[in-house]
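*Asks:* when you get a sec, could you give me coordinates for this:
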Amino acid sequence: AADKINLIPQDFFAELCEQIIQHLNHKIPGVNTAELCQRIQTSGIEIDIGDLAKIANIISFLFSTAARNNLSTEELVTTLGNAVSALPKHAVQVIRHVWNEQGKSISVSGDARNMATVGQFVDIEWKLGVAMSSDACRSLKYPYVTVTLKVAEPSGQITSRSFEMTIPQFKNFFKQFKEMAAILETV
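*Replies:* Residues are numbered from 1 along each chain as shown. Here you go, the predicted structure:
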């Protein structure tokens, strides 16, 4: 991972670290590695989204472990120096700075340690479409709804899941949401 971290410019790495701290503080639902990866690639750096996600997981583990053990900035940097000698100097400087500025704000309650392994809803997008024809059928005129859910995984990675529904499936989906909303009104 150290060679991949070396590819990431310092400003992007700092942004990644800050987003991870915000996620660990429950201020944002997750780290949008897809958007960050696209921006890094637009700047001319070749990095794979899978590699960036691995780096985000490593840094998240690093910060959460440091918070759990109540490490000072110097203890964290010393531990990093002893354990990861191949970590680029600019990465250690960013980690030092971000931890020094925001590290102590990470809450490590018992609830946070036993966080559920379910994702957190971020956004929903939908579109209505009509399939006009296919190679098997010249005249379909078949309406459908495509739904894309954005979910922040427990690791902090934001993932998108898309699925299509027929109109009857969508009506059932909508009915279930109305039932949930009615129940929530009683709480």
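*Asks:* neighbouring contacts of stretch 24-40?
*Replies:* For stretch 24-40, the surrounding residues in contact (C-beta atoms under 8 Å, 6 or more residues apart in numbering) are 8-9, 12, 15-16, 19-20, 22-23, 47-49, 52-53, 56, 60, 63-64, 67, 102, 105-107, 120-122, 152-153, 156-158, 160. C-beta: built from backbone N, CA, C; applies to glycine.
*Asks:* and what of stretch 55-67?
*Replies:* Contacts of stretch 55-67 (C-beta under 8 Å, 6+ apart): 1, 4-5, 8, 16-17, 20-21, 23-24, 31, 33, 75-76, 79-80, 95, 99, 103, 106, 108, 155-157.
*Asks:* same question, stretch 178-186
*Replies:* Contacts of stretch 178-186 (C-beta under 8 Å, 6+ apart): none.
*Asks:* distance check, Tyr142 against Ser60.
*Replies:* Counting by C-beta to C-beta, to the nearest Å, the gap from Tyr142 to Ser60 is 43 Å.
*Asks:* more neighbours, these two?
*Replies:* Applying other C-beta atoms under 10 Å to Tyr142 and Ser60 shows that Ser60 carries more neighbours, namely 21 against 14.
*Asks:* and the strand or helix carrying the more buried one, what's buried?
*Replies:* Under the criterion DSSP states H and E, the helix or strand holding Ser60 is helix 49-68. Judged by neighbour count using 16 or more other C-beta atoms under 10 Å, the buried positions of helix 49-68 are 51-53, 55-60, 62-64, 66-67.
*Asks:* so where's the protein uncertain?
*Replies:* Scanning the chain for pLDDT under 70 picks out 1, 82-86, 107-118, 155.
*Asks:* centre-most residue in it?
*Replies:* Gln157 (2.2 Å; C-alpha atoms, centre = their mean).
*Asks:* give me phi/psi at that one?
*Replies:* phi -70, psi 130 (degrees, to the nearest 10).
*Asks:* now do the following helix or strand past the helix holding Ser60: distance to the chain's middle.
*Replies:* Of the helices and strands lying after helix 49-68 in sequence (DSSP H and E), the nearest is helix 73-83. With C-alpha atoms, centre = their mean, to the nearest Å as the basis, helix 73-83 stands 26 Å off its chain's centre.
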